[in-house]
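1. Would you be able to build a 3D model of this:
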Amino acid sequence: MEQRIVIPRLVVRPILPPPLKIGARIRPQWLEWQVGRYRKKLSFGLGGKGKADIWVPEREGEQHNLILTQFYDSLIPQYGFIGSSQYAVVGTGSTTPNPAQTGLVSEVARSNTVPSGESNAAEYVSPGVYDIRRVYEFTEAQVGGQNLTEWGFAPVSAVGGNLMARELFRDGVGNPVVLTLASDQRLRLIYRYRITLSPTTAQAVTVNIGGDGPGNRTAQFILTGRMTVPPNYANIDFSSGPTGGDLLVCEVLAKGQEIGLIGQTFASSEASPLTYLHDIFSLDPATPYTFLSFSSASGRSRSASVLLGNNDWLITIRSVVLTAPEIPLRTPTVNLVFDSGQEFTKDNLHKLLIAYWQITWGP
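-> Residues are numbered from 1 along each chain as shown. So this is what the prediction gives:
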């Protein structure tokens, strides 16, 4: 009887880095509430004696809170991480908060009034980490004489089930409290929630440039804080610091809509910076800016792409960038840099589809 020996075949395939991924984690921080009045105070200066209105809290507290599920599922794709918190909301309901809720039980008022001397802010914490700080005030006409028990934040002024957060007012140990306001008292809410973006250190990735393109390419990818156009966006002034570019570009990707010129793309034959707090404002030689095309949100993610025609971007491409720009500067903010030897030349015989920009978010 003939004996056969079967030798197993070993197939060795190169292990490529994972595809490019942008992540955003959004979690609640805390709320500070203040019930108080404005009081007159004498002031003295070069112009002589005068009077100024001074905010005097007469009752206050700090508390933690929760973010509602619909913030991640439906509000972010419409309004973004930042734009979903543009209005403070208060009411008189006492139902226990639950992430599945969408609005207050008994809404009384909404406000997006920032008190004099205060400001909303995107506070830089560390690379890719920002606290969105909102300071809103309700007038005597809105809340004077009310017994307030619940609060929330929303993207729009319209009353309804459109909240990103909902909670009861609580004391320092977490027990629900009723805020009973006199007819001449106001309420001020100071709210923070945290956004954490990644990657903020260079990550090895694989980019599949298919169709008529050159196939799989290895590269390095990073989000950076670089920004050269500090806008006033969603009632927040971004001009206070050098960071925020990554936050605004990710806001564009999440809501699928440009903020001015932020979120455009270009390519360069130079290597973009792979450090978070870099000081490069422009890359040359570089292509013209091109707007992204956004897909519909799919669950808690959205992707974007750019289709280049035969005569577009006719250079050797080393970097592809999403930018927070100031024309004519080509500011590298979200940077993809092909490894040495992986760059490729775009000719006028082919189109090029770049479809790898994708962001995923969650708690």
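
2. what number of residues lie near residue 348?
-> For residue 348, the neighbour count with other Cβ atoms under 10 Å is 9. For the C-beta atoms, the positions are set from N, CA and C on the backbone; glycine is no exception.

3. Could you look up the SS state of residue 136?
-> When the structure is reduced to helix, strand and coil (DSSP: H, G, I helix; E, B strand; the rest coil), residue 136 reads as strand.

4. Hmm, it is touching residue 89, no?
-> No: in this structure residue 136 lies outside contact range of residue 89 using Cβ atoms under 8 Å: 9.5 Å.

5. mind listing what's buried in stretch 326-341?
-> Neighbour-count burial for stretch 326-341, with 16 or more other Cβ atoms under 10 Å as criterion, is recorded at 330, 331, 332, 333, 334, 335, 336, 337, 338.

6. The fourth one contacts residue 324, correct?
-> Yes: the criterion here is Cβ under 8 Å, and residue 333 meets it with residue 324 at 4.8 Å.

7. so what sits against both of the two?
-> Where contact means Cβ atoms under 8 Å, 6 or more residues apart in numbering, the residues bridging residue 333 and residue 324 through contact with each are 226, 227, 245, 249.

8. could you flag which of the residues you listed are buried?
-> Restricting these to buried positions leaves 226, 227, 245, 249, with burial counted as 16+ other Cβ under 10 Å.

9. my guess is the last one is in a helix, correct?
-> Yes: remark: residue 249 belongs to a helix, assigned using three-state DSSP.

10. Tell me who's in contact with it.
-> 223, 262, 263, 322, 323, 324, 333, 334.

11. With secondary structure as added columns, please give the buried ones among the shared contacts of residue 333 and residue 324 in CSV.
-> Supplementary listing: those in CSV, determined by three-state DSSP:
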residue, secondary structure
226, coil
227, coil
245, helix
249, helix
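
12. For residue 20, state which of the residues you listed is nearest.
-> Nearest to residue 20 among these, counting by Cβ to Cβ, is residue 249 at 13.8 Å.

13. how much space is there between the closest one and residue 259?
-> Remark: distance between residue 249 and residue 259 (Cβ to Cβ, to the nearest Å) = 9 Å.

14. Could you list the low-confidence segments of the stretch 1-150 of the chain?
-> 1-16, 42-50 (pLDDT under 70).

15. In it, what residue spans correspond to strands?
-> Assigned by DSSP state E, counting those that start in this stretch, the strands in the stretch 1-150 of the chain fall at 22-45, 48-63, 87-91, 107-111, 121-126, 129-138, 147-148, 150-154.

16. Sketch out the low-pLDDT regions of the stretch 151-300 of the chain for me.
-> Judged against pLDDT under 70, the low-scoring parts of the stretch 151-300 of the chain cover residues 210-215.

17. all helices for it, in order.
-> Listed in chain order, the helices of the stretch 151-300 of the chain (DSSP state H, counting those that start in this stretch) span 245-255.

18. Residue 355 belongs to a strand?
-> Yes: assignment of residue 355 by three-state DSSP places it within a strand.

19. check contacts around the residue nearest to it when sequence neighbours are not counted.
-> Across the structure, with Cβ to Cβ, 6 or more residues apart in numbering as the measure, the residue nearest residue 355 apart from its sequence neighbours is residue 305 (3.7 Å). For residue 305, the contacting residues are 292, 293, 295, 353, 354, 355, 356, 357, taking Cβ under 8 Å, 6+ apart as the criterion.

20. Which one of those residues sits in the busiest neighbourhood?
-> Each of the contacts of residue 305 was scored for neighbours by other Cβ under 10 Å, and residue 357 scores highest at 24 neighbours.

21. Let me see the backbone angles for the spatially closest residue to that residue that is not a sequence neighbour.
-> Leaving aside its sequence neighbours, residue 357 sits nearest to residue 304 (Cβ to Cβ, 6+ apart; 4.3 Å). Main-chain dihedrals, residue 304, degrees, to the nearest 10: phi -140, psi 160.

22. isn't residue 304 right up against residue 292?
-> Yes: look at residue 304 against residue 292 with Cβ under 8 Å: they come within range, at 4.2 Å.

23. Which neighbours do those two have in common?
-> Contact criterion Cβ under 8 Å, 6+ apart; residues shared by residue 304 and residue 292: residue 357.

24. before we move on, back to that, residue 345: which of the strands of the stretch 1-150 of the chain is closest?
-> Of all those, it is strand 22-45 that lies closest to residue 345, at 27.0 Å by Cβ to Cβ.
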